[in-house]
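A.B. asks: the following comprises the amino acid sequence and a computationally predicted model.
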2 protein chains.
Amino acid sequence: MGRWEPDAPGRLTQAALELFVERGYEQTTVLDIAERAGVTERTFFRHFADKREVLFDRRNAMQEAVVAAIAAAPETLPPLELAGLGMAAAGDFLEGRREHAGRRAGVIAANPSLQERELLKLAALSDAVATELRQRGVPAPEAGVAAEAGVGVFRRAFERWVADPSAPDLATCVRDSLATLRALAAARPRGRGAVTR
Amino acid sequence: MGRWEPDAPGRLTQAALELFVERGYEQTTVLDIAERAGVTERTFFRHFADKREVLFDRRNAMQEAVVAAIAAAPETLPPLELAGLGMAAAGDFLEGRREHAGRRAGVIAANPSLQERELLKLAALSDAVATELRQRGVPAPEAGVAAEAGVGVFRRAFERWVADPSAPDLATCVRDSLATLRALAAARPRGRGAVTR
């Protein structure tokens, strides 16, 4: 049964994703996933707390890559650029797994409980980016707003990357979205009704 | 027992919040909440699907106020300004309930399952803003990025509003955060390592 084969977590995630696509998330059991991956149910629970967790990286490796990229960036970069650079690193982290990412995103979008977990991960990512920016001396309000904007840019870049086969690599999609945000922010309101004073 | 007293949902929410603060979310039952509000458990379930839902507005009234504000805005306003105007309307919607909002935010922050639901509501708000912007003729990529940025600005403004008693009203906090974002976006990268090309 290959209980000790390498990369059981990776095979479990892959098996879960296949089954969620084939049968639906609700209709798939942990036993189904374990069997498809060729391991026991016990092995599943050694790696994941429950069925929902199988689609999420317990080690937060992507978040670590983002924080490391910001920590290693040149000191001259302004806050939003640092956040963008971090999110481009997230793009590099996911590159080469576009089909997997697209199928995973489809399953998540169809299941509110998975969507909630994904959003919690992204909120944690925003907090981690804000913390790293503050450690680099960015004042708290700017750090918070830059982090939120960076993660927002990433979400929209990610959507484009998985939805549009002709889209460039994810890091480029992130840079495009950041450029869009810069252009939007530069368009100043004219006339009455303006929010920004 | 006042089963037919007006505003049972409002009293249930208030009772739930009190109990969550006093005893903790996990330690509070639906029966506890119903009793504190002076209604039956059956009345609770007539208004809310479960204990988690009692802190959330089923009618999405805030989201409706945001979308209505964007729909009613002058045609000359650019996309990020429209999103900011929508989020300032969310500020007006919550104004006068700062203490309630602060206690609610504290309970939510302490409970991941509540936090997940809150984030799902904010993601739905972002989608609703993007949809309204597209209906006003904003191209999809700009609409998506502007909506994400608007909701990100709102989240940080809200945090400030509930955490700092000396902070101005929420709509003003939103305008301040939007101004911070504009300033961040205008700070162009210099030298090597720049993301934006």
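C.D. replies: Noted; the coordinates are in hand.
A.B. asks: and A:A149, what element?
C.D. replies: helix A:140-163 (DSSP states H and E).
A.B. asks: excluding sequence neighbours, find me the nearest residue to the spatially most central residue of chain A.
C.D. replies: The central residue of chain A, meaning the one whose C-alpha is nearest the mean C-alpha position (C-alpha atoms, centre = their mean), is A:L122 at 6.2 Å. Among residues not flanking A:L122 along the chain, A:V151 sits closest, at 5.6 Å (C-beta to C-beta, 6 or more residues apart in numbering or on different chains). To be clear about C-beta, it is placed using only N, CA and C from the backbone, and glycine gets the same treatment.
A.B. asks: ranges for the helices of chain A?
C.D. replies: Along chain A, counting by DSSP state H, helices occupy A:8-23, A:30-37, A:41-47, A:61-71, A:79-94, A:98-109, A:112-135, A:140-163, A:170-186.
A.B. asks: show me the one of the ones you listed that comes nearest B:G24.
C.D. replies: helix A:112-135 (19.7 Å; C-beta to C-beta).
A.B. asks: and the contacts of the closest one?
C.D. replies: Contacts of helix A:112-135 with the rest of the structure, by C-beta atoms under 8 Å, 6 or more residues apart in numbering or on different chains, involve A:25, A:52-53, A:55-56, A:60, A:62-63, A:66-67, A:70-71, A:79, A:82-83, A:86, A:90, A:107-109, A:140, A:142-144, A:146-148, A:150-151, A:154-155, B:112, B:115-117, B:119-120, B:122-123, B:152.
A.B. asks: what residues sit buried inside it?
C.D. replies: A:114-123, A:125-126, A:128-130, A:132-134 (16 or more other C-beta atoms under 10 Å in any protein chain shown).
A.B. asks: ditto for stretch A:95-104
C.D. replies: Under the neighbour-count criterion of 16+ other C-beta under 10 Å, stretch A:95-104 has A:A101, A:R104 buried.
A.B. asks: one more: stretch A:105-113?
C.D. replies: In stretch A:105-113, the ones that count as buried by 16+ other C-beta under 10 Å are A:A105, A:V107, A:I108, A:N111.
A.B. asks: I figured the last one hits A:Y25, correct?
C.D. replies: Just to be clear, that refers to A:N111. Yes: judged on C-beta atoms under 8 Å, A:N111 makes contact with A:Y25 at a distance of 4.7 Å.
A.B. asks: leaving out the residues flanking it, which one is nearest to A:E41?
C.D. replies: Nearest in space to A:E41, with sequence neighbours left out and distances taken as C-beta to C-beta, 6+ apart, is A:A34 at 4.8 Å.
A.B. asks: swap in A:A65?
C.D. replies: Excluding the flanking residues, the one nearest A:A65 by C-beta to C-beta, 6+ apart is A:F93, at 4.6 Å.
A.B. asks: do A:R23 as well
C.D. replies: Taking C-beta to C-beta, 6+ apart, and ignoring the residues beside it in sequence, A:R23 has A:D32 as its nearest neighbour in space, at 7.8 Å.
A.B. asks: likewise A:L181?
C.D. replies: Nearest residue to A:L181 in three dimensions, chain neighbours excluded: B:V145, at 5.2 Å (C-beta to C-beta, 6+ apart).
A.B. asks: pLDDT score for A:A194?
C.D. replies: Listed pLDDT for A:A194 reads 56.
A.B. asks: on that earlier part again, give me the pLDDT for the residue nearest to A:R23.
C.D. replies: At A:D32 the predicted local confidence, pLDDT, stands at 97.
A.B. asks: any idea how far A:R58 is from chain B?
C.D. replies: Taken as C-beta to the nearest C-beta, to the nearest Å, the spacing of A:R58 relative to chain B amounts to 15 Å.
A.B. asks: how's chain A carved up into domains?
C.D. replies: Here chain A is described, according to automatic domain parsing, as comprising the domains A:8-54, A:61-186.
A.B. asks: how far does the first one sit from the chain's center?
C.D. replies: Using C-alpha atoms, centre = their mean, to the nearest Å, the distance from the centre of domain A:8-54 to the centre of the chain it belongs to is 20 Å.
A.B. asks: now do stretch A:126-134
C.D. replies: Here the centre of mass of C-alpha atoms in stretch A:126-134, compared against the chain's by C-alpha atoms, centre = their mean, lies 15 Å away.
A.B. asks: how about the closest residue to A:C173 other than its chain neighbours, what does it touch?
C.D. replies: The shortest distance from A:C173 to any residue that is not its chain neighbour, by C-beta to C-beta, 6+ apart, is 3.8 Å, and that residue is A:A157. A:A157 makes contacts with A:M87, A:G91, A:L170, A:C173, A:V174, A:D176, A:S177, as judged by C-beta under 8 Å, 6+ apart.
A.B. asks: and these, which two are the farthest apart?
C.D. replies: Of all pairs in the contacts of A:A157, the most separated under C-beta to C-beta is A:M87 and A:D176 at 11.7 Å.
A.B. asks: quick one: which of those two has more around it?
C.D. replies: Neighbours per residue (other C-beta atoms under 10 Å in any protein chain shown) separate A:M87 from A:D176, with A:M87 holding more: 32 against 19.
A.B. asks: I figured that one hits A:G152, correct?
C.D. replies: No: the criterion here is C-beta under 8 Å, and A:M87 misses it with A:G152 at 9.5 Å.
A.B. asks: picking that back up, what count of nearby residues applies to the residue nearest to A:E41?
C.D. replies: By other C-beta under 10 Å, 22 other residues sit near A:A34.
A.B. asks: just the buried ones from the contacts of helix A:112-135, in ChimeraX syntax?
C.D. replies: Those of those that meet the burial criterion (16+ other C-beta under 10 Å) are gathered into one ChimeraX selection, given here:
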select /A:25,53,55,56,62,63,66,67,70,79,82,83,86,90,107,108,142,143,144,146,147,148,150,151,154,155 /B:115,116,117,119,120,122,123,152
